[in-house]
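**Student:** sequence plus predicted model, see below.
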Amino acid sequence: MSHHYFAIYKSCGYLSQFTREVDTHKVLGDLYDFPKDVYAVGRLDRDSEGLLLLTNDKSLTDRLLNPKNQHSRTYWVQVEGVPTAKALQQLRRGVDIRINKKTHRTRPAQVQLFSSPPPLPERDPPIRFRANIPTTWLSLTLTEGKNRQVRKMCAKVGLPVLRLVRYAIEDITIDSMNIGDVIEVDKDKLFEQLRL
């Protein structure tokens with residue numbers, strides 16, 4: 001069997017799957033005619049954007065999703081309000097969030113504030129805008145990927161997420177990509193960028 005590797009820039013409104021739960025759902029198969037045995041490695045929720053990897057290489061999927069292997073994932077996050085030093089420190093140290101009705105302590109995260117919004121295209125649909133409430137962009141790098149983790153972590157420290165974009169997985173980024181792009185990636189280059 002030949003293995004295929006794809007990097008895509010998922011836009012808001014798409015599910016990270018091929019099966020429609022409702023006729024109006026937009027799914028990965030709407031972006032490209034992928035081989036039948038290719039699936040997403042991990043997920044981005046419907047409202048999230050950014051880098052998603054797809055492959056039919058089950059050994060790669062297992063390596064990337066195994067909780068013992070700590071692969072960095074960087075997210076650019078627009079939050080409501082201005083983070084306090086305490087909130088940033090909490091994110092850096094780890095916070096308690098609920099996963100499958102159990103408390104999970106997140107691993108320490110790298111957190112940086114953007115001095116100006118990152119170079120991203122406008123979201124479609126646009127985020128809600130409230131003139132009297134400021135927003136802030138954060139870069140948040142995690143080494144784990146629990147369900148809706150970034151949203152839960154930010155909410156825990158009083159920073160509701162308005163927009164969430166996965167910018168990178170290890171050294172693979174969306175820098176040269178546009179929303180909706182699908183790029184078939186060479187295995188050797190991909191594994192080098194993933195530091196495997």
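**Tutor:** Looks like it came in fine.
**Student:** for the worst-scoring helix or strand of the chain on mean pLDDT, buried residues please.
**Tutor:** Lowest on mean pLDDT, DSSP states H and E among the helices and strands of the chain sits helix 58-65, with a mean of 91. Residues of helix 58-65 classed as buried: 60-61, 63-64 (neighbour count, 16 or more other Cβ atoms under 10 Å). (C-beta placed from N, C-alpha, C; glycine too.)
**Student:** now, among the residues you listed, which is nearest to residue 20?
**Tutor:** Proximity of those to residue 20 (Cβ to Cβ) peaks at residue 61, which lies at 22.3 Å.
**Student:** what sits against the spatially most central residue of the chain?
**Tutor:** By Cα atoms, centre = their mean, the chain has its centre lying nearest to residue 166, at 3.4 Å. For residue 166, the contacting residues are 44, 48-52, 73-75, 174, by Cβ atoms under 8 Å, 6 or more residues apart in numbering.
**Student:** quick check: it is in a strand.
**Tutor:** Yes. Under DSSP: H, G, I helix; E, B strand; the rest coil, residue 166 falls within a strand.
**Student:** okay, it: pLDDT?
**Tutor:** At residue 166, the pLDDT value in this model is 98.
**Student:** run through the bridge partners of it.
**Tutor:** With DSSP bridges as the criterion, residue 166 is bridged to residue 50, residue 75.
**Student:** those strands in this protein, which residues are they?
**Tutor:** For the chain, applying DSSP state E gives strands covering 5-10, 39-41, 49-55, 73-80, 96-99, 102-105, 110-113, 135-142, 161-169, 172-173, 182-184.
**Student:** dump the ones you listed to a markdown table, plus distance to residue 33.
**Tutor:** A markdown table is the format used below for those (distance: least, Cβ to Cβ, whole Å):
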| stretch | distance to residue 33 |
| --- | --- |
| strand 5-10 | 11 |
| strand 39-41 | 15 |
| strand 49-55 | 12 |
| strand 73-80 | 27 |
| strand 96-99 | 35 |
| strand 102-105 | 38 |
| strand 110-113 | 37 |
| strand 135-142 | 32 |
| strand 161-169 | 23 |
| strand 172-173 | 22 |
| strand 182-184 | 9 |
